[in-house]
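>>> Have a look at this prediction, sequence included:
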Amino acid sequence: MTSPQPARAWLLLEGGGSHTWAATATGYTILTTTEGPSTNPRSVGEERAVHTLVDLIDQVWDDPATAPLGVVAAHGAASTRAAAGDFAALVRRALALVGPMAAPVLVTNDLTPLLLSAGGPVCVANCGTGTGFAARNGARWARSSGLEWLLSDEGGGHDLGTAGLRAAVRALDGRGPDTALTGLAQAWCAESDHAGGDLSEHLFFHVYREEGAKSLVATFAQHVLEAAEDGDAVAGRLVENAAAELAAGATSVCRATGITTGTDYTLLLSGSLLTEATFLRGHFMTWAHENLPPTALRQHTPKSRPEDLLRLRDLWLTPEALPPLTSAMPTHADPAPSTAEGTSA
């Protein structure tokens with residue numbers, strides 16, 4: 001008598017500039033979950049991204065002899081369609097190293113499932129390591145920012161952290177006013193194993209010592225927010241500038257999709273600097289209430305990840321529903337498993 005075959009499962013991935021979440025699911029049941037560092041190759045490099053993907057898949061996938069039904073990934077690495085395809089290739093490399101396994105892969109921008117989570121018009125403002133804005137109003141979709149730290153991401157954690165560290169350095173060498181950010185920068189790099197030298201040398205070593213400086217610098221954004229809340233004038237101006245950039249991003253996608261004053265729409269906040277940093281959120285929401293009051297306000301939380309990604313999977317399994325998404329958002333989609341196979345798990 002043969003043993004029953006184990007139920008095949010889906011592999012789910014969600015990530016951005018600072019973290020990656022991985023899970024397995026059968027049907028609408030989440031089986032296992034884990035979290036790890038960024039797998040965005042423009043933050044950590046391709047090899048580290050693949051290594052982390054392998055580690056995460058190992059943690060959630062029990063039987064490497066059985067391939068996933070498919071991989072559904074909503075990831076900040078999907079800045080463009082070509083970038084979405086490149087990340088799909090990294091996922092395939094990771095699967096081959098774990099199993100070796102092979103499975104169809106869907107990769108789309110991490111804002112896509114958020115746009116699908118509201119029934120009516122919606123604007124998404126994301127502010128974490130980077131920034132991204134997207135809106136959907138009927139058949140009209142729009143997206144702005146999200147082209148990584150050299151081309152966009154103004155107002156995000158890396159941008160705000162960089163501005164704060166530069167302000168500290170300017171104060172140190174006399175090019176700028178005194179600021180509490182100098183002392184905070186000293187504490188921030190205190191764990192560095194660099195011995196000797198002044199603060200400028202410590203900062204230089206801490207920031208440039210290894211690959212992945214983007215994620216590291218973004219952590220200083222919290223210190224900028226702390227100083228601003230405590231009344232530091234320099235930090236306060238930096239936070240005001242960041243909030244203005246967030247307002248500009250939200251304005252652009254609302255304008256492009258016809259969301260105007262009086263439109264019943266949902267404003268969905270995402271990313272740690274909007275969902276956890278109340279000081280920055282307060283500045284941004286002041287703009288929203290004065291210029292484009294939302295009918296409903298929601299915050300994207302980790303609890304919604306499984307539902308968001310399973311909704312995206314179901315869209316993948318509905319061929320006629322996928323083209324509007326792939327034409328609007330950076331997406332790579334392999335042919336999906338058959339609907340019967342996909343829903344039976």
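That came through, no problem.

>>> Please make it C-alpha for all contacts and neighbour counts, starting now.
Will do.

>>> so Glu35 sits in a helix?
No: counting by DSSP: H, G, I helix; E, B strand; the rest coil, Glu35 falls outside a helix, being strand.

>>> what are the phi and psi angles of the residue lying closest to it once chain neighbours are set aside?
Closest residue to Glu35 apart from its sequence neighbours, by CA to CA, 6 or more residues apart in numbering: Trp21 at 4.5 Å. When read as degrees, to the nearest 10, the backbone of Trp21 gives phi -110, psi 140.

>>> just checking, what packs against the helix or strand hosting Leu325?
In this structure, Leu325 sits in helix 322-328 according to DSSP states H and E. The criterion is 3 or more CA pairs under 8 Å, 6 or more residues apart in numbering; DSSP states H and E, and there are no helices or strands that helix 322-328 contacts.

>>> which of the residues in that helix are buried?
322, 325 (16 or more other CA atoms under 10 Å).

>>> ok, then the element right after it?
According to DSSP H and E, the helix or strand after helix 322-328 is strand 331-333.

>>> Quick check: neighbours of that following strand in the sheet, parallel or antiparallel?
If you go by DSSP bridges, strand 331-333 pairs up with strand 105-108 (antiparallel).

>>> so which strand or helix has the nearest residue to Pro41 once chain neighbours are set aside?
Nearest non-adjacent residue to Pro41, counting by CA to CA, 6+ apart: Ala49, 5.7 Å away. Element membership of Ala49 [criterion: DSSP H and E] is helix 46-60.

>>> So which elements touch that helix?
strand 20-26, strand 29-36, helix 41-44, helix 81-98.

>>> so which of those comes closest to Glu154?
The closest of the helices and strands packed on helix 46-60 to Glu154 is helix 41-44. By CA to CA, the value is 15.9 Å.

>>> Run through who's touching the closest one.
Residues from elsewhere that reach helix 41-44 (CA atoms under 8 Å, 6 or more residues apart in numbering): 17, 38, 47-49, 77, 148, 211-215.

>>> circling back: same list, the helices and strands packed on helix 46-60, but as CSV with mean pLDDT please.
Formatted as CSV, the helices and strands packed on helix 46-60 follow (pLDDT from 0 to 100):
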stretch, mean pLDDT
strand 20-26, 96
strand 29-36, 96
helix 41-44, 89
helix 81-98, 97
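
>>> I'd like to know which of the ones you listed is closest to Pro177.
helix 41-44 (31.3 Å).

>>> That closest one: how far from the chain's middle?
Computed by CA atoms, centre = their mean, to the nearest Å, the chain-centroid distance of helix 41-44 equals 12 Å.

>>> all strands for the stretch 101-250 of the chain, in order.
105-108, 122-127, 131-137, 140-145 (DSSP state E, counting those that start in this stretch).
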